[in-house]
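> pasting the sequence and the predicted coordinates here, then a few questions.
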Amino acid sequence: METPFIDNPFREGIVARPAPEPCALVIFGATGDLTKRKLVPALYNLAHEGQLPAEFAVVGFARRPKTDDEFRSEMRAAVEQFSRFNPLNPGVWDNFARGLFYHRADFTAPEGYAALRQLLEKLDNERGTAGRRLFYLACAPSEFATVIERLGAAGLAQRHGPQRIVVEKPFGSDLPTARELNRVLTGAFAEPEVFRIDHYLGKETVQNILSMRFANAIFEPLWNQKYVDHVQITVAESLGVETRGAFYEQAGALRDMVSNHMMQLLSLTAMEPPSSLAAEDIRGEKVKLLRAIRPTCPCSVRGQYARGTIAGKSVAAYREEPNVASDSVTETYVALKLYLDNWRWSSVPFYLRHGKRLPKQVAEIAVQFKPSPAVLFAAASAVPLQPNVLALRIQPDEGISIRMNAKVPGTTLNIQPVKMDFRYGGSFGASSPEAYERLLHDAIAGDSTLFLRGDEVECAWALTDTIRAGWAEKKSAPALYEAGSWGPREADEMIAADGREWRRP
Amino acid sequence: MIAVPVDIAQIERQLRAHWEQGGESVSRACLFNLVVWCESDADRERATVMIGELTARHPCRAIVLLAGPGQAPLSASLDAHCRLAGGGRKQVCCEQITVRAGGRSVAQLAPTALALLEGDLPTVLWWRGDFLEQPSHFERLRGIAGRIVFDTSAWPGAERQLKRLRDTIVKLPTRTFGDLNWTRLTLWRKLTADCFDEVHFRSMLRHIQCVLVRHGGGPGARVRALLYAGWLATRLGWTAECARECIRVEECEGEDVAEIGIESVELLSGDASAVIRKDFHGHTAHAVVMMPHLCGVPRRQAFVPLTEMALMAQEFDHVAPHKGYEHALALAASLAQKSL
């Protein structure tokens, strides 16, 4: 009976992940939309599913005056509206709400951080959080550096201590600002304690790219330059900039979407198999892939939406949107052609496009294979054989489809493309956890697999800076495209020059 | 959803015609076969309601077999379980085939089910009742399923059956078994594991002298407590003899004892203890480890009793064999013999 019990003997066979240790989550920007719509409902969902310790504490840090009870009451309304567990379970809520606190302070005032420290020490004693803190920057990016520096000055951040920090995108606005943010972050926290969140990585279907690639033996042997003709990654939005005109004027499509979400899709699609599912192995492979992007002059097209019609309704041009300059040259559409200089993808073009006010909301990755040898059916078929396409749909109608050729029933040899379709909604009907649930749980538990590493962010910015420099050199304005169309003519011409065309998702 | 009577020989043809009628607006989804054995019409009705809910997350072809009384000939009916998907644009449907038989025709249920299985998909057999009491029917059906799900909490006299159950499972090494009464212990086992994730607390495990599991009078509570105790003993590396000496499984007393499954567990060494207790009214469970000079961090987490349907959903979520069940069952059988 003198078993050493090096590992926990009771953990074997338990499917659920270990509950994280009690911890205090401090949300900077607690009165904002993100807290109300995403963060607190996601935390409640985790509590509902027994994935949070009951001693978990949340401290909302914001400027507006509010009591703990008022904060709890507002968060209850938010949970009732946005949680996927409806109606709210009073037992679970009461337990969860006992751990909700509000701390009124200005982000710039050192005394606010001293008082926060006192509150957190009190929680350490009362709730057993034992110095474990997770600071969540849900505030404006311009305030990141101030908050991080004040945390350090107040003794709330220690490198290699039990504290972690979650940063929402954007992680800078170009390579120099990203480096500066990384410098500030890693001055107060060690890199493994920094969790850069890109909610796209929390989506089940994005995570499923790896499962689809590496859990099915039939795809991986074809996943290379020998069989793949090209890859198209599309993230289309039918919405315009809505109320984000001022922000978008500064960001543009390239920085808002391509530098983060689309780089994630690209790296997960094209990376080499990691040696394990450990965070560093996966992130290491992603960075290797991003470093393989040919840096010299990627072909690019930028566009801006003009007036048009979407779903039968007339919509304004970008330059007519609120808080947008009437002579704005901000791009709302980007199309890129990239090459990856590595063994697997040598000479395979990757076409990426993202735009606002496109005909529909869709995100997909389409891998188009090389055509089959034209010796048997090509001559007999009335129309040219279509190449096989494997399409991974990220949203909506998440799923996978394969286009293949089949004989039309009848006495003649008529071959037509057919689509074999797998829909998540059709196979797994239940709702998936919100992306933020998975990401928050991982951050609390210290698992950084689905978060971006500093060098990954810098690689992505290096690429977008090169593209922007090319645009600045040309001094050309974005090509206009009609709202409700699939983008500017120049983008069609870019891909047509290679003898290919954009898919119509 | 109305069950449509159908000629058994025409079932597949009728199903094809039915789905073709739906056109583009209806998709049929099927990830596995679910064969359900029912012994009464009321039970079949309950199972049908649950299948309707379960197929929303776990689409399957459900084949419900009803062995009724009397000499009824073999008959069948079809149901469709549908829900809206794709933003309300499409209906996604699963099919349920119910086959009834009575008297001698009950023997035809198994071959009928075999012919109705969707090819190249795994098959789960959900036996709603005590399959040890139906050995001939069970023997015919067990061969078609890779996984067999049952619930010892619904077995009358299950405590006496534990050894037989274990012997049956051991004889079928190529099948995996899921006992919903074991699945009900998932949270208890998780909380137990949570207590000892901290390395300092693990040092007390070498010195545990006594384990006390207290349970109420709810359905299957006694067997569940025995399984839990058996699992604790196996994880601590105890022999059956040691387990019989050091483990007490007690029924607690009180007004609402009939509502209570497991009430608490205590792992005791000379000067240290780990206690997990359920607060029924607060819907929470509380776990704490107390050791000399070490501050135990109390844990409390939501404890929502799981319905039979939720338990089945868990069975379908985690198709891997239940690690530890077989060993826990062996020790539970040994502990049961001591108390009988």
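That came through, no problem.
> what are the phi and psi values at residue A:231?
phi -130, psi 140 (degrees, to the nearest 10).
> distance check, it against residue A:274.
20 Å (C-beta to C-beta, to the nearest Å). Heads up, the C-betas are built off the backbone N, CA and C, glycines and all.
> look at these two and report which has more neighbours.
residue A:231 (23 against 19; other C-beta atoms under 10 Å in any protein chain shown).
> now do the contacts for that one.
A:269, A:270, A:348, A:349, A:350, A:351, A:365, A:366, A:367, A:368 (C-beta atoms under 8 Å, 6 or more residues apart in numbering or on different chains).
> among those residues, which one has the most neighbours?
In these, the most neighbours by other C-beta under 10 Å go to residue A:270, 28 neighbours.
> and the pLDDT for that one?
Each residue has a pLDDT score; the one for residue A:270 is 97.
> can you check residue A:55 too?
The predicted local confidence for residue A:55 is 79.
> again, but for residue A:298
68.
> now do the one 5 residues further on
The predicted structure scores residue A:303 at 97 on the pLDDT scale.
> for the stretch 101-250 of chain B, what lies in contact range of chain A?
Residues of the stretch 101-250 of chain B lying close to chain A (C-beta under 8 Å from any C-beta of the partner chain) are B:186-187, B:189-190, B:192-197, B:202-203, B:205-206, B:232, B:235-238, B:242.
> repeat the analysis, applying 10 Å as the threshold.
B:186-187, B:189-199, B:201-208, B:231-232, B:234-239, B:242 (C-beta under 10 Å from any C-beta of the partner chain).
> need the buried ones from those selected in ChimeraX.
Of these, the buried ones go into a single ChimeraX selection, burial set by 16 or more other C-beta atoms under 10 Å in any protein chain shown:
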select /B:186,187,189,190,191,192,193,194,195,196,197,201,202,203,204,205,208,231,232,234,235,236,238
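> okay, and which of the residues of the stretch 101-250 of chain B next to chain A map to helices?
B:186-187, B:189-195, B:199, B:201-202, B:231-232, B:234-235, B:242 (DSSP state H).
> pull the number of nearby residues for residue A:313.
Around residue A:313 there are 9 residues (other C-beta under 10 Å).
> does it touch residue A:357 like I think?
No. With contact defined as C-beta atoms under 10 Å, residue A:313 and residue A:357 do not form a contacting pair (11.4 Å).
> tell me, what's touching these two both at once?
A:483, A:484 (C-beta atoms under 10 Å, 6 or more residues apart in numbering or on different chains).
> and the residue nearest the centre of chain B, what does it touch?
Closest residue to the average C-alpha location of chain B: residue B:180 at 1.8 Å, with C-alpha atoms, centre = their mean. Listed by C-beta under 10 Å, 6+ apart, the contact set of residue B:180 reads B:126, B:149-154, B:220, B:224, B:306, B:308, B:310-312, B:314-315.
> rerun at 6 Å
B:151, B:311 (C-beta atoms under 6 Å, 6 or more residues apart in numbering or on different chains).
> quickly find the element holding residue A:456.
Per DSSP states H and E: residue A:456 is located in helix A:454-474.
> list the buried residues for that helix?
A:454-468, A:471.
> residues in contact with the nearest residue to residue A:436 once chain neighbours are set aside?
Nearest residue to residue A:436 in three dimensions, chain neighbours excluded: residue A:42, at 3.9 Å (C-beta to C-beta, 6 or more residues apart in numbering or on different chains). Going by C-beta under 6 Å, 6+ apart, residue A:42 touches A:434, A:436, A:437, A:440.
> check which helix or strand covers residue A:266.
Per DSSP H and E: helix A:263-270 holds residue A:266.
> do a quick rundown of the helices in the stretch 101-250 of chain A.
A:110-127, A:144-153, A:175-188, A:204-214, A:245-253 (DSSP state H, counting those that start in this stretch).
> could I get those as JSON lines with mean neighbour count and mean pLDDT?
Formatted as JSON lines, the helices of the stretch 101-250 of chain A follow (neighbours: other C-beta atoms under 10 Å in any protein chain shown; pLDDT from 0 to 100):
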{"stretch": "helix A:110-127", "mean neighbour count": "16", "mean pLDDT": "93"}
{"stretch": "helix A:144-153", "mean neighbour count": "20", "mean pLDDT": "94"}
{"stretch": "helix A:175-188", "mean neighbour count": "17", "mean pLDDT": "94"}
{"stretch": "helix A:204-214", "mean neighbour count": "17", "mean pLDDT": "85"}
{"stretch": "helix A:245-253", "mean neighbour count": "18", "mean pLDDT": "91"}
